[in-house]
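>>> next input, structure requested:
(2 chains)
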Amino acid sequence: LAKTTQPISMDSYEGQEVNITCSHNNIATNDYITWYQQFPSQGPRFIIQGYKTKVTNEVASLFIPADRKSSTLSLPRVSLSDTAVYYCLVGDLSGGSYIPTFGRGTSLIVHP
Amino acid sequence: EAGVVQSPRYKIIEKKQPVAFWCNPISGHNTLYWYLQNLGQGPELLIRYENEEAVDDSQLPKDRFSAERLKGVDSTLKIQPAELGDSAVYLCASSLVAGPLETQYFGPGTRLLVL
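Down below sits the predicted model:
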């Protein structure tokens, strides 16, 4: 059964780089790793997705080691507006179809 | 482009009453999802539709929950009767495709409180 593990919370300060790691030991060979951001009273919003090595977009970078059992979301120079919950998502293929499975998320608080 | 629309945003009902949530996905998105999110938890998939067909509903408590997606566009999720433990946020999402490469677009959710 696909399952992810993330730190429950993290604290940072404005301007710092934040790295959030997610473990997904049972990730399927053909699965991707996707990260979402969620603000209070809103639905999750897509941040970045990757399969292996490194992916970068205008918002974040995603680092995935060769064994793909974990991934690290990197947020460069965070600001107060980056305070949110961050989820990594993998799929559960045990039932024969792809079921997106969210973890409990990491609550990031950015301090002035 | 309009995002995923959900209504109502908030609902307060007494236990044993019925309740329904409505979702309008992004135009052209064939895949629609309903999630349940409890406080402090990640979203949990209840049901997934490919067009009008429910392809994943193993997580849906079928004794009291039902869903439909007529004409493969809008969808309704119903609870009858509601229980205290159903208090949560119900999220709807849509995507162009289903599978590992899917990017889901979420609505704001409906916050349900059962008294």
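>>> report how many residues lie close to the residue of chain A at minimum distance from chain B.
Per CB to the nearest CB, residue A:43 is where chain A lies closest to chain B, at 2.7 Å. Where you see a C-beta, it was placed from the backbone N, CA and C, and this is true even at glycine. Using other CB atoms under 10 Å in any protein chain shown, residue A:43 is surrounded by 23 other residues.
>>> shouldn't it be in contact with residue B:107?
Yes: between residue A:43 and residue B:107 there is a contact under CB atoms under 8 Å: 5.4 Å.
>>> overlap in contacts of the two?
Here residue A:43 and residue B:107 share the contacting residues B:4, B:91, B:93, scored by CB atoms under 8 Å, 6 or more residues apart in numbering or on different chains.
>>> among those, which ones are in strands?
Per DSSP state E, strands hold the following members of the shared contacts of residue A:43 and residue B:107: B:91, B:93.
>>> my guess is residue B:66 meets residue B:75, correct?
No: look at residue B:66 against residue B:75 with CB under 8 Å: they stay out of range, at 11.2 Å.
>>> how about residue A:104: what's its closest non-neighbour residue?
In space, and not counting its chain neighbours, residue A:104 is closest to residue B:42: 5.4 Å by CB to CB, 6 or more residues apart in numbering or on different chains.
>>> for the closest residue to chain A within chain B, give me the pLDDT.
Closest residue of chain B to chain A, CB to the nearest CB: residue B:106 (2.7 Å). At residue B:106, the pLDDT value in this model is 97.
>>> would you mind identifying the helix or strand in chain A with the lowest mean pLDDT?
strand A:99-102 (a mean of 86; mean pLDDT, DSSP states H and E).
>>> gap between the residue sitting furthest away from the middle of chain A and residue A:27?
For chain A, the residue at maximal distance from the C-alpha centroid (CA atoms, centre = their mean) is residue A:96, at 24.3 Å. For residue A:96, the distance to residue A:27 (CB to CB, to the nearest Å) stands at 17 Å.
>>> cool, residue B:108 as well?
Counting by CB to CB, the gap from residue B:108 to residue A:27 is 30 Å.
>>> and what of residue A:50?
Counting by CB to CB, the separation of residue A:50 from residue A:27 is 12 Å.
>>> more crowded one of those two?
When neighbours are counted by other CB under 10 Å, residue A:50 and residue A:27 differ, and residue A:27 comes out ahead with 23 against 20.
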